[in-house]
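Colleague: just a sequence and a predicted model for now, questions to come.
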Amino acid sequence: MTASPHWIEPFPHGIYVRPADAWIDPSRPVPRALITHGHADHARGGHDAVWATPETLDIINLRYGRYTGENAVGYGDAVDLNGVSVSFHPAGHVLGSAQIRLEYQGETVVVTGDFKRRPDPSCAPFELVPCDIFITEATFGLPVFRHPPTPDEIAKLLSMLEANPQGCVLVGAYALGKAQRVIAELRDGGFHDPIYLHGALEKMCALYGEHGVDLGELRPVAGTDKSELMGRVILAPPSALADRWSRRLPDPVTAMASGWMRVRARARQRGVELPLIISDHADWDELTQTIRDVAPREVWVTHGREEALLRWCQLHQIRARALALVEREDEDDA
Ligand SMILES: [Zn+2]
Ligand SMILES: [Zn+2]
């Protein structure tokens, strides 16, 4: 086994790019950070200078406020940081999400951040970026995780709605990414009725709209008569499913959209009656297919269930190592 190149080095709190003196998705404040996307386990406050896509910077601004030194880099554009060429490429995970490609002295490294391959009408599709070292997540890195086709899950939601005209379907969905994806998938599935939102989702949905993602007619639950909410799809953050907020709704069927809904015990734990397996992360087949497609010399796994993926790489004669980055994976962002 050859040694890792000295210019890029994993630490528990992030990946360090030595010649650029920059960190990728660091979990503690640093002078220079490269950020893959706006989820809290990747984008944290307190950095001095930050490089990210314009969409990601807008998302971070909405959720946590501005950084002092913001550098917006569009998809496909490259910047030079002390001889390291850094570019951002769509990761297909949420609006603005990027894989970060680094090139230094003829060697290329791609850091996926979180990613998925299947179509998502709410963000740019994953782009395949060839590289020597592929640094990937493995949230669903077990062969048992195979996400079903999304249109089937949307069809389940719509037939539940039809079967329950005096009630409503309340869908728990993460505020950044999943909520907007569920709405966009419903629209793609031919559902054009107004969709009702918990207040915590309104601003992010509006931000998606400003970036050209058409979510159709959205209305706030707040101030709406119970009778108007009959026969409606209502979206709320997962934390709101069980709280008193939902008591204002007419006979809700509780649904949740997450890759973890594959695991029955997790759905039961949260009192979810209609589990919808809709994930913003690659499943086992997408992970392994992506490694085949990228054909890297080495694979590094940042976080998730890495054991099986490491073994799969060995079987396919690809060097692989687990980085075990800390403070990754938000239970609900799946
Ligand atoms: Zn994420
Ligand atoms: Zn993540």
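Modeller: Happy to help now that I have it. Numbers count the residues shown, from 1 in each chain. Ligands and ions are numbered 1, 2, ... in the order given.
Colleague: tell me the pLDDT of whatever residue of the stretch 51-200 of the chain ends up closest to ligand 2.
Modeller: Across the stretch 51-200 of the chain, the shortest distance to ligand 2 (C-beta to the ion) belongs to D114, at 4.3 Å. Yep, even glycine has a C-beta here, placed from its N, CA and C like the rest. D114 carries a pLDDT value of 96.
Colleague: can you tell me how far it is from G259?
Modeller: Going from D114 to G259 by C-beta to C-beta, to the nearest Å gives 11 Å.
Colleague: between these two, what contacts are shared?
Modeller: Common neighbours of D114 and G259 are listed as T139, D280, H281 (criterion: C-beta atoms under 8 Å, 6 or more residues apart in numbering).
Colleague: who has more neighbours, D114 and G259?
Modeller: For D114 versus G259, neighbours defined as other C-beta atoms under 10 Å are more numerous around D114 (31 against 21).
Colleague: quick one: contacts for the more buried one?
Modeller: 36-37, 39, 42, 91, 93-94, 97, 137, 139, 280-281, 333.
Colleague: for T254, name its beta-bridge partners.
Modeller: Under DSSP bridges, the beta-bridge partners of T254 are L170.
Colleague: okay, now it: neighbour count?
Modeller: Other residues lying near T254 total 20 when counted by other C-beta under 10 Å.
Colleague: roughly how far apart are it and ligand 1?
Modeller: When distances are taken as C-beta to the ion, to the nearest Å, T254 and ligand 1 turn out to be 24 Å apart.
Colleague: shouldn't that residue be in contact with L241?
Modeller: Yes: at 5.6 Å, T254 counts as touching L241 under the criterion of C-beta atoms under 8 Å.
Colleague: which neighbours do these two share?
Modeller: L170, G172, G271, V272.
Colleague: in CSV: the shared contacts of D114 and G259, plus pLDDT and secondary structure.
Modeller: Listed next are the shared contacts of D114 and G259 as CSV, based on pLDDT from 0 to 100; DSSP: H, G, I helix; E, B strand; the rest coil:
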residue, pLDDT, secondary structure
T139, 94, coil
D280, 97, coil
H281, 97, coil
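Colleague: centre-most residue in the chain?
Modeller: The centre of the chain sits closest to H93, judged by C-alpha atoms, centre = their mean, with a distance of 4.1 Å.
Colleague: returning to that earlier point: how near is the residue of the stretch 51-200 of the chain closest to ligand 2 to Y75?
Modeller: 16 Å.
Colleague: check contacts around the residue lying closest to the residue of the stretch 51-200 of the chain closest to ligand 2 once chain neighbours are set aside.
Modeller: In space, not counting the residues next to it along the chain, D114 is nearest to H93; the distance is 4.5 Å by C-beta to C-beta, 6 or more residues apart in numbering. Taking C-beta under 8 Å, 6+ apart, we find H93 in contact with H37, G113, D114, F115, K116, C123, G177, D280, H281.
Colleague: I'd like to know which of those residues are buried.
Modeller: Buried members of those, scored by 16 or more other C-beta atoms under 10 Å, are H37, G113, D114, F115, K116, C123, G177, D280, H281.
Colleague: in this structure S85 contacts V73, no?
Modeller: No: counting by C-beta under 8 Å, no contact exists between S85 and V73, whose distance comes to 11.4 Å.
Colleague: was I right to think Y75 contacts P90?
Modeller: Yes: checked against C-beta under 8 Å, the pair Y75 and P90 is within contact range at 5.7 Å.
Colleague: now list whatever residues contact both of those two.
Modeller: Shared contacts of Y75 and P90, defined by C-beta under 8 Å, 6+ apart, comprise A98, A124, E127.
Colleague: most surrounded residue in those residues?
Modeller: If you count neighbours using other C-beta under 10 Å, the busiest of the shared contacts of Y75 and P90 is A98, which has 29 neighbours.
Colleague: what sits opposite that residue in the beta ladder?
Modeller: Per DSSP bridges, residues listed as beta-bridge partners of A98: P90.
Colleague: tell me the contacts of it?
Modeller: Under the criterion of C-beta under 8 Å, 6+ apart, the contact list for A98 reads T36, H37, A52, T53, T56, Y75, F88, H89, P90, A91, G113.
Colleague: do V182 as well
Modeller: V171, A173, L235, A257, L276, I278.
Colleague: name the element the residue in the stretch 101-250 of the chain that ligand 1 sits nearest to belongs to?
Modeller: Using C-beta to the ion, the point where the stretch 101-250 of the chain gets nearest to ligand 1 is D114, with a distance of 3.6 Å. Taking DSSP states H and E as the criterion, no element holds D114; it sits outside all helices and strands.
Colleague: and for P119?
Modeller: When elements are assigned from DSSP H and E, P119 belongs to no helix and no strand.
Colleague: how about it: what's its closest non-neighbour residue?
Modeller: Spatially, and ignoring its direct neighbours in sequence, P119 is nearest to P125 (6.7 Å; C-beta to C-beta, 6+ apart).
Colleague: so where do the strands sit in the stretch 151-300 of the chain?
Modeller: Secondary structure of the stretch 151-300 of the chain, counting by DSSP state E, counting those that start in this stretch: strands at 168-172, 195-197, 218-220, 233-236, 252-257, 274-276, 298-304.
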